[in-house]
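Asks: Using only what follows, build the 3D model:
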Amino acid sequence: MKKPLSTTTKALMLALAASTFSFAGPGLADGAAKFVGNIIQSNTAPGANDQYTKLWNQATAENGCKWGSVEGTRGRYNWGGCDAAYNWAKNNGGHFKFHALVWGSQYPSWLPGLSVDETKKAITAWFDAVKERYPDLEMIDVVNEAIRGGNGNYHSGYNNTKIIQALGGDNNGDYTFVTTAFKMARERWPKAILIYNDYNTVQWNKDQGIQLIQTIKKNGAPVDAYGLQAHDMMTQGGGNGGTGGGGDCLSLSTLSSVLDEIWQKTETPMFISEYDIFTDNDNTQKKCYQEQISLFMENEHVAGITLWGYIYGATWNSGTSGIIKDNKDRPAMTWLREYMQSDKAKNAKSPYPGMVKEASVY
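Replies: So this is what the prediction gives:
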């Protein structure tokens, strides 16, 4: 028996349905119900005839939009890497996600030395600078990797700065600082899809991730979606990405059950935000893609999928998550090309009903 939607969730979904958002565009997912995107790793935007443009219809800058990459010197901004991803989307009919506004890693080297008051000023200036540069953002990872463990540490190094204190603290696990960041983002981007993004949210820290989303929503955070990084899609690897070669695919029944549980307990649409399968075993990688990507595409509560790299040897960690090797498709890539042309991919249900596939946000 399905849990009825809350009034708030119904209102959000109706608002999004009436918006200009559409997850279609160039690449393999052209005509599909949801985007399939990838990262842009350099400061140069792919061209219209580039392999990237032929394959993907959504872009996330791997590092180019992170605070530490942009504002190396306080008050001076280098937007090159972020512009590359943003401009690719704007010029090629694709979609862009800003990654990320607040994160406990890859912050500017000068940030830890600031007082609480100066940290708040710096965060506000950062938000304002992003707003000035990109006033029409479609999707934003507002807060990244803030799940708090039982030892008082977070999924990333928030305790190394005064970000938490500057944004209102975290009293008894109420994640006030996360809520504050979302409110600040909504003030600046009233029409963007605001996302909370984290890792190990399917296997090891599923319950903590659900609790965070429940808490910030209860406290009034305008969070529109939950980004599941999906580095934990294999049975081995120690969390946040395997090292390649070992393990098997997380069972389809387990993954399906987790997605259903997250929806039932949070009523929050999901993005698969950093998907990868680290293994040199072509058959295992293909099996994971077949089972997991098709589930994500066909699950009505998942809005889109972003792969975290696709060229073998050029992805984070061991590099074995690449699905094109020596300019040739690995079996997972061959399958993906075929699947994205299928009726199942094109007719899948989306958490944003009523969107016009052929429209572009730009």
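Asks: Helices of the protein, start to end?
Replies: Counting by DSSP state H, residue ranges of the helices within the chain are 7-17, 51-55, 67-70, 80-92, 116-133, 163-166, 176-188, 206-218, 252-266, 282-288, 294-298, 331-339, 343-346.
Asks: To residue 39, which of the ones you listed lies closest?
Replies: Each of those has some distance to residue 39 by CB to CB; the shortest is helix 80-92, at 8.1 Å. Where you see a C-beta, it was placed from the backbone N, CA and C, and this is true even at glycine.
Asks: mean confidence for that closest one?
Replies: This predicted structure assigns helix 80-92 an average pLDDT of 96.
Asks: Would you convert the helices of the chain into CSV that also reports distance to residue 310 and mean neighbour count?
Replies: Listed next are those as CSV, based on distance: least, CB to CB, whole Å; neighbours: other CB atoms under 10 Å:
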stretch, distance to residue 310, mean neighbour count
helix 7-17, 28, 14
helix 51-55, 7, 18
helix 67-70, 21, 19
helix 80-92, 15, 21
helix 116-133, 27, 17
helix 163-166, 32, 22
helix 176-188, 29, 21
helix 206-218, 26, 18
helix 252-266, 21, 16
helix 282-288, 12, 19
helix 294-298, 16, 19
helix 331-339, 8, 18
helix 343-346, 18, 14
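Asks: Of all these, which one comes closest to residue 106?
Replies: helix 67-70 (4.3 Å).
Asks: circling back: any idea which of the helices of the chain gets closest to residue 105?
Replies: Using CB to CB, the nearest of these to residue 105 is helix 67-70, at 8.2 Å.
Asks: quick one: contacts of that closest one?
Replies: Residues outside helix 67-70 that contact it (CB atoms under 8 Å, 6 or more residues apart in numbering): 63-64, 77-79, 81-82, 101, 103, 106-109, 111, 126, 129.
Asks: Pull out the buried members of the residues you listed.
Replies: Of all these considered here, the ones buried according to neighbour count by 16 or more other CB atoms under 10 Å are 63-64, 77, 79, 81-82, 101, 103, 107-108, 111, 126, 129.
Asks: roughly how far apart are the residue most central in space within the chain and residue 148?
Replies: In the chain, the C-alpha closest to the average C-alpha coordinate belongs to residue 273, at a distance of 3.2 Å (CA atoms, centre = their mean). Taking CB to CB, to the nearest Å as the criterion, residue 273 is separated from residue 148 by 20 Å.
Asks: How about the residue of the chain most remote from its centre: what's its closest non-neighbour residue?
Replies: Relative to the mean C-alpha coordinate of the chain, counting by CA atoms, centre = their mean, the farthest residue is residue 115 (30.3 Å). Taking CB to CB, 6 or more residues apart in numbering as the measure, residue 115 lies nearest to residue 162, with 7.0 Å between them; neighbours along the chain are not counted.
Asks: since we're on that neighbour, how many residues are nearby?
Replies: By the criterion of other CB atoms under 10 Å, residue 162 has 21 neighbours.
Asks: Also residue 173?
Replies: Using other CB under 10 Å, residue 173 has 13 neighbouring residues.
Asks: isn't it right next to residue 146, touching?
Replies: No: Residue 173 is beyond contact range of residue 146, at 11.0 Å (criterion: CB atoms under 8 Å).
Asks: lowest-pLDDT helix or strand in the protein?
Replies: For the chain, scoring each helix and strand by mean pLDDT, DSSP states H and E identifies helix 7-17 as the least confident one, at a mean of 44.
Asks: where in the stretch 251-362 of the chain is pLDDT low?
Replies: Scanning the stretch 251-362 of the chain for pLDDT under 70 picks out the ranges 352-362.
Asks: pretty sure residue 53 contacts residue 46?
Replies: Yes: because the distance of 5.2 Å satisfies CB under 8 Å, residue 53 is recorded as touching residue 46.
Asks: where do the contact lists of the two overlap?
Replies: Taking CB under 8 Å, 6+ apart as the contact rule, residue 53 and residue 46 both touch 88, 92.
Asks: and residue 255, what is it in contact with?
Replies: With contact set as CB under 8 Å, 6+ apart, residue 255 has these partners: 202, 233, 291, 292, 295.
Asks: Ok, residue 102 next?
Replies: With contact taken as CB under 8 Å, 6+ apart, residue 102 is in contact with 123, 142, 143, 144, 146, 163, 167, 178, 181.
Asks: same question, residue 166
Replies: Residue 166 sits next to 116, 117, 119, 120, 123, 177 when contact means CB under 8 Å, 6+ apart.
Asks: Not counting its neighbours along the chain, what's nearest residue 139?
Replies: Distances taken as CB to CB, 6+ apart put residue 97 closest to residue 139, at 4.0 Å, once the chain neighbours are dropped.
Asks: beta partners for that neighbour?
Replies: residue 60, residue 139 (DSSP bridges).
Asks: what about it, distance to residue 254?
Replies: Residue 97 sits 27 Å away from residue 254, going by CB to CB.
Asks: just how off-centre is stretch 222-237 within its chain?
Replies: 8 Å (CA atoms, centre = their mean, to the nearest Å).
Asks: Could you list the buried residues of that stretch?
Replies: 222-234, 237.
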